[in-house]
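*Asks:* sequence first, then the predicted structure, then my questions.
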Amino acid sequence: MGHLDHAAYGWLTPVLSYVMASIGAALGLRCTVRALAATGAVRRNWLLTAASAIGTGIWTMHFVAMLGFEVTGTEIRYNVPLTILSLLVAVLVVGAGVFAVGYGSARGRSLVLGGLTTGLGVASMHYLGMAALRLHGEVSYDPLVVGLSVAIAVVAATAALWAALNIKSPVAVAAASLVMGAAVSSMHYTGMMAVAVSVSPSDAALSGATAMQFIFPLAVGLGSYLFITAAFVALSPTADERAASASARHLGERTAAAR
């Protein structure tokens, strides 16, 4: 049985992965809040941005954390197509949950459906990403711990969508994002606690790419996308800010006309 190290670089990867999860959650919540205040194509576009932000943040969190994952006695490689598929799954399934909330007529039912869909999407992304692992040995899972990790994902996703529906203050959204980041990180490391590896030493070359060859550059690129999106959201006025600006402009025009 190989010894598993989940933090080969100390606190660097757990902390950085938590930050990425929190940023993705914050962007997703802010975009969802703005979507619920909009209609038509504007609502759709905000929901698409929310799905990409949350899905990207969760995927980046997972694979930044995986940069610190090592198994004694074997190298680790990643299957590139499966890794990319895990990213697409994260974005698409999170998108399904976000749209269920954004367009659902019955808020309670939409929240349950959206939370379940998004949570299962997060769990699917995690275990699909784990299926991309290539090493000398066999990977097995404790089914009870796997079930616990899936339950954490569903609860975390439902709580995040509830926050998007009920929390409007930027400060409250920031606090909810930190909680969501912690929940997503907890789901990841709970899932990793379910992993056991039976190492079969071999000199044969492993297929796939190393974390530094593929995962690290992609994570940096997606992290940059999150920061750029954060700047876009921060500079985009909310519906209330636009209304206040329009009101102030009309007041100025009436004042000028009265002189």
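*Replies:* Thanks, I have the structure now. Treat the numbers as computed from the prediction; the structure is a model and nothing was measured.
*Asks:* my guess is residue 96 meets residue 121, correct?
*Replies:* Yes. If you go by Cβ atoms under 8 Å, residue 96 and residue 121 touch, sitting 7.2 Å apart. The C-beta positions use only the backbone N, C-alpha and C, and glycine is treated the same way.
*Asks:* this structure: helices as residue ranges?
*Replies:* 12-36, 40-66, 80-103, 107-131, 143-166, 170-193, 216-235, 239-258 (DSSP state H).
*Asks:* need the ones you listed in TSV with mean pLDDT, distance to residue 3 and mean neighbour count, can you?
*Replies:* Output for these, formatted as TSV (pLDDT from 0 to 100; distance: least, Cβ to Cβ, whole Å; neighbours: other Cβ atoms under 10 Å):
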stretch	mean pLDDT	distance to residue 3	mean neighbour count
helix 12-36	86	17	23
helix 40-66	87	17	23
helix 80-103	86	24	20
helix 107-131	85	18	20
helix 143-166	86	18	20
helix 170-193	85	14	19
helix 216-235	75	23	14
helix 239-258	55	54	10
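*Asks:* got those as JSON lines, with distance to residue 200 columns?
*Replies:* Converted to JSON lines, the helices of the chain look like this (distance: least, Cβ to Cβ, whole Å):
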{"stretch": "helix 12-36", "distance to residue 200": "26"}
{"stretch": "helix 40-66", "distance to residue 200": "21"}
{"stretch": "helix 80-103", "distance to residue 200": "21"}
{"stretch": "helix 107-131", "distance to residue 200": "18"}
{"stretch": "helix 143-166", "distance to residue 200": "23"}
{"stretch": "helix 170-193", "distance to residue 200": "21"}
{"stretch": "helix 216-235", "distance to residue 200": "27"}
{"stretch": "helix 239-258", "distance to residue 200": "59"}
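*Asks:* identify whichever of those lies nearest to residue 207.
*Replies:* helix 80-103 (9.6 Å; Cβ to Cβ).
*Asks:* need the CA coordinates for the closest one. CSV is fine.
*Replies:* The C-alpha trace of helix 80-103 is given here as CSV (Å, rounded to 0.1, in the frame of the first residue of the first chain):
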residue,chain,number,x,y,z
VAL,A,80,-5.3,14.8,-20.8
PRO,A,81,-8.7,14.1,-22.5
LEU,A,82,-10.3,13.0,-19.2
THR,A,83,-8.9,16.0,-17.4
ILE,A,84,-10.4,18.4,-19.9
LEU,A,85,-13.6,16.4,-19.8
SER,A,86,-13.8,16.9,-16.0
LEU,A,87,-13.6,20.7,-16.6
LEU,A,88,-16.4,20.6,-19.1
VAL,A,89,-18.5,18.5,-16.8
ALA,A,90,-17.9,21.0,-14.0
VAL,A,91,-19.1,24.0,-16.1
LEU,A,92,-22.0,22.3,-17.8
VAL,A,93,-23.5,20.6,-14.7
VAL,A,94,-23.0,23.7,-12.5
GLY,A,95,-24.6,25.6,-15.4
ALA,A,96,-27.7,23.3,-15.3
GLY,A,97,-28.1,24.0,-11.6
VAL,A,98,-27.6,27.7,-11.9
PHE,A,99,-30.2,27.9,-14.7
ALA,A,100,-32.6,25.8,-12.7
VAL,A,101,-32.5,28.5,-10.0
GLY,A,102,-32.4,31.4,-12.5
TYR,A,103,-35.4,30.4,-14.5
